[in-house]
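S.K.: The following block contains a protein sequence and its predicted model.
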Amino acid sequence: MITAGIWLFAGALCLFVFYNLQSPQTGVPVVPGVPVLGNVLALGRGGVAYISQCRQRFGDVFALHLLGQRMVFIFEIGMLSMFLKAPEESISFKPAVEQFTERVYGLPSRHLFAHHECLLTALRHLLVPDKLGVMGQQLLTLAQPRLRVWCQQGKVELWESCQQLVFDCAAQVLFGTRFFQRHGLTDVRQSFLVFEEQFEVAASPVPHLLLPKFRKAKHQLLSMFKASLAAGDFKGTMVGQLLAGCGLPPGTWPNLLLAVMWASQANSMPALFWSLAFLLLPDQAAARNRILADLQDILQQHKSQQQPQQAASGQQAELGLQQQQQQQQPSSVDAATTAAMIQLAQDKRSYVSKCVAEAIRLRTHSIAVRFVAADSLILNVQTTSNLGHGSSTTSSSSSSSSKQPPPQQRQQKQRQKCLHVPKRSTLAICPFESHHDAGLYPDDAWRFNPDRPGVQGLEPGTVVPGTAGMGFGGGFWRCPGRFFAEMELALLVQLVLYLLCITPSSLANNQVQQLIGSGNNNAATASAAAAQQHIVSQLTVAARMAHLTTGQQWSKDNVVKPTQQQQQQRFSSSHMWLPHWLQNVLVFGLGICGGSQQQCASWRASGDAAKLLPGCNLQRLVGVKVPSEPWWCYAEAAKKV
């Protein structure tokens, strides 16, 4: 028995050595893993925190092994443009999304890929800005009674409320009301939320037999779509027009409708939550005021243009508008206000649109993948030696350490390195990590700043110009429904701020409670800024003390950015008795004992230096980040002046 155990251990050790050392001569650093599973366990435990940890250790290009599949992550800015703009024969998008189309939606790839370009063209044609005005009016009409329910409840959980608001409004605009009248809006929403919650696991190699809730929700939704298609419920709707022009066989239409429902709802729900949550912070009172002021400016412009016509016709529309503005009911949005909201929501330069784009930037998805279709993909990168670990890291990396040499010394060690990525490898980027990179957003990328300039450093045409960066994808495969999504989110943010005064319950009993809400006076704005500054000063006192005692240059980056190298050093010092390869297994193969919990906590400072908001679920890689815990708020009707 002892002899068998020794042979078993020796065999496992040989497998580990072979797995971590035997690699194609590509020059791409390989993150250590465990036999067979590779880095699956560590990636599942840490999510984007693990990806960030690997980047800090191995540089801007590194490879993970996930159940035998080689996945190469790239972060260097030039490579991001190449990833998003490369032709399909070099870096392929279609095979990379096959796991979603086949496993999750049940949509055969042989049908989808044959008509994919036609489908995207039809969808973009249906959702161009010129056709969104009517949809915006429908959206506001559906949203107002649901916000009245928020007031009636008094206290709402913001994440759950945003899920219901987005789905109940946007889904009816896109799919029509007959579908939901037939099957029940609540039943459809509940089935969709179960489907969406397990979406990422269902796309993985985990057998669906182990996901009974997902299988049931998927079956229910597909059955609903089939019944409504047979009854003609989608005639005259946006999705009905899409089906007529997509070119797919009718047998695949229920699966296509399931894919459209997920694509139109799954990211908009958390995007609305974070847009509102950031704006409800004490230091964003001026931002809330500016959104409402912009709305009033548009109303005044419309009113001044209508005054000559009103005087000639004897109409009293202005008097009626004033009477409606004096009401304090959360459903009092007249035609003029609706038109003004839609105008601002469709203007990417408006402040509310910038706020939404900034929220999407800070909470965007964690992974986008492509397949290498060419025989070999060559990556030319500029690298510097990593003094802390002896490995190489690209010079454009945003990772930093207190023990790095000054810039002059680092520049002396720069050199060109040619990396080869073999065919059929998976190429991946991490927009969530990259959007916190000073190379893309030089002006304090960790801060919520709607006034910041657009993404920097990418080649023209890589992404749509603006603050959201890679939030809507890039190149030819950018999100075809982004115009609708941007308008939808900007409309709902304006409507909530216009009709409601929302106070986060976590701040209701502290010194800044009266500063949340509409924030209609300068004194409140000034007090909010002072209170927020006091909170931030308490968080940064430790960093300032470090500056006094060590002479290290202090900046707010010391507060908000992870210090993963220090965490690794603490781990190494406490586990010096373990062999180095075993430490790598624990940290990079199993995802334990590597300070990932501390790093997850530090990510909470993203856009929120005082960490007043709930953290986001870093384990989830697909889609806009969702909050990791409930966030309760008090809601009441806003007082109109």
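M.R.: Alright, I've got the coordinates.
S.K.: show me what contacts residue 258?
M.R.: 105-107, 195, 218, 221-222, 225 (C-beta atoms under 8 Å, 6 or more residues apart in numbering). (Each C-beta comes from the backbone N, C-alpha and C, glycine too.)
S.K.: Of these, just the buried ones, PyMOL syntax please.
M.R.: In PyMOL, a selection of the buried entries from the contacts of residue 258 looks like this (16 or more other C-beta atoms under 10 Å):
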select buried, resi 105+107+195+218+221+222+225
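S.K.: where do the strands sit along the stretch 51-200 of the chain?
M.R.: 61-66, 69-74, 91-92, 155-157 (DSSP state E, counting those that start in this stretch).
S.K.: closest one to residue 475 among the ones you listed?
M.R.: strand 91-92 (9.7 Å; C-beta to C-beta).
S.K.: about what we covered before: turn the contacts of residue 258 into TSV, including pLDDT.
M.R.: Below are the contacts of residue 258 laid out as TSV (pLDDT from 0 to 100):
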residue	pLDDT
105	94
106	92
107	90
195	97
218	97
221	98
222	98
225	98
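S.K.: Widest-spaced pair of the contacts of residue 258?
M.R.: Checking the contacts of residue 258 with C-beta to C-beta, the most distant pair is 107 and 195, at 14.2 Å.
S.K.: re earlier: okay, the strands of the stretch 51-200 of the chain, which one's buried deepest?
M.R.: strand 61-66 (a mean of 23; mean count of other C-beta atoms under 10 Å).
S.K.: quick one: contacts of that strand?
M.R.: 19, 23, 26, 28-31, 33, 38-40, 43, 54-55, 70-76, 79, 379, 381, 394, 419, 425.
S.K.: Could I get the average pLDDT for that strand?
M.R.: Taken as a whole, strand 61-66 carries a mean pLDDT of 92.
S.K.: hang on, the earlier thing: report the buried members of the contacts of strand 61-66.
M.R.: So, by 16+ other C-beta under 10 Å, the buried ones in the contacts of strand 61-66 are 19, 26, 28-31, 33, 38-40, 43, 54-55, 70-76, 79, 379, 381, 394, 419, 425.
S.K.: just so I have it, where are all the strands in the protein?
M.R.: Here the chain has its strands, by DSSP state E, at 61-66, 69-74, 91-92, 155-157, 368-372, 376-385, 392-394, 415-422, 426-429, 500-504, 632-637.
S.K.: Redo those as a markdown table? Include distance to residue 272.
M.R.: Below are these laid out as a markdown table (distance: least, C-beta to C-beta, whole Å):
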| stretch | distance to residue 272 |
| --- | --- |
| strand 61-66 | 32 |
| strand 69-74 | 29 |
| strand 91-92 | 32 |
| strand 155-157 | 13 |
| strand 368-372 | 22 |
| strand 376-385 | 37 |
| strand 392-394 | 36 |
| strand 415-422 | 37 |
| strand 426-429 | 25 |
| strand 500-504 | 13 |
| strand 632-637 | 13 |
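S.K.: wait, which of the ones you listed is closest to residue 474?
M.R.: Of all the strands of the chain, strand 368-372 comes closest under C-beta to C-beta, at 8.7 Å.
S.K.: Parallel or antiparallel, which strands does that closest one pair with?
M.R.: As defined by DSSP bridges, the strand partners of strand 368-372 come to strand 91-92 (antiparallel), strand 426-429 (antiparallel).
S.K.: nearest to residue 341, of those?
M.R.: In terms of C-beta to C-beta, the element of the strands paired with strand 368-372 nearest to residue 341 is strand 426-429, at 34.6 Å.
S.K.: what's the spacing between the residue nearest the centre of the chain and residue 271?
M.R.: Most central in the chain under C-alpha atoms, centre = their mean is residue 364, positioned 2.0 Å from the mean C-alpha point. With distances taken as C-beta to C-beta, to the nearest Å, residue 364 is found 9 Å from residue 271.
S.K.: What of residue 428?
M.R.: 22 Å.
S.K.: which of these two has more neighbours?
M.R.: residue 271 (29 against 20; other C-beta atoms under 10 Å).
S.K.: Pretty sure that one sits against residue 356.
M.R.: Yes - checked against C-beta atoms under 8 Å, the pair residue 271 and residue 356 is within contact range at 7.1 Å.
S.K.: Pull up the overlap in contacts between these two.
M.R.: Going by C-beta under 8 Å, 6+ apart, residues that sit against residue 271 and also against residue 356 are residue 489.
S.K.: which ones are touching residue 496?
M.R.: 147, 276, 502.
S.K.: now do residue 484
M.R.: With C-beta under 8 Å, 6+ apart, residue 484 has these contacts: 127, 132, 135, 264.
S.K.: give me that answer again for 10 Å
M.R.: Residues near residue 484 by C-beta atoms under 10 Å, 6 or more residues apart in numbering: 123, 126-129, 131-132, 135-136, 139, 170, 173-174, 238, 264, 268.
S.K.: what does residue 617 give?
M.R.: 47-48, 270, 366, 600, 625-629.
S.K.: Quick check, pLDDT for the residue lying closest to residue 607 once chain neighbours are set aside.
M.R.: The shortest distance from residue 607 to any non-neighbouring residue, by C-beta to C-beta, 6 or more residues apart in numbering, is to residue 448 (3.9 Å). Confidence at residue 448, expressed as pLDDT, is 97.
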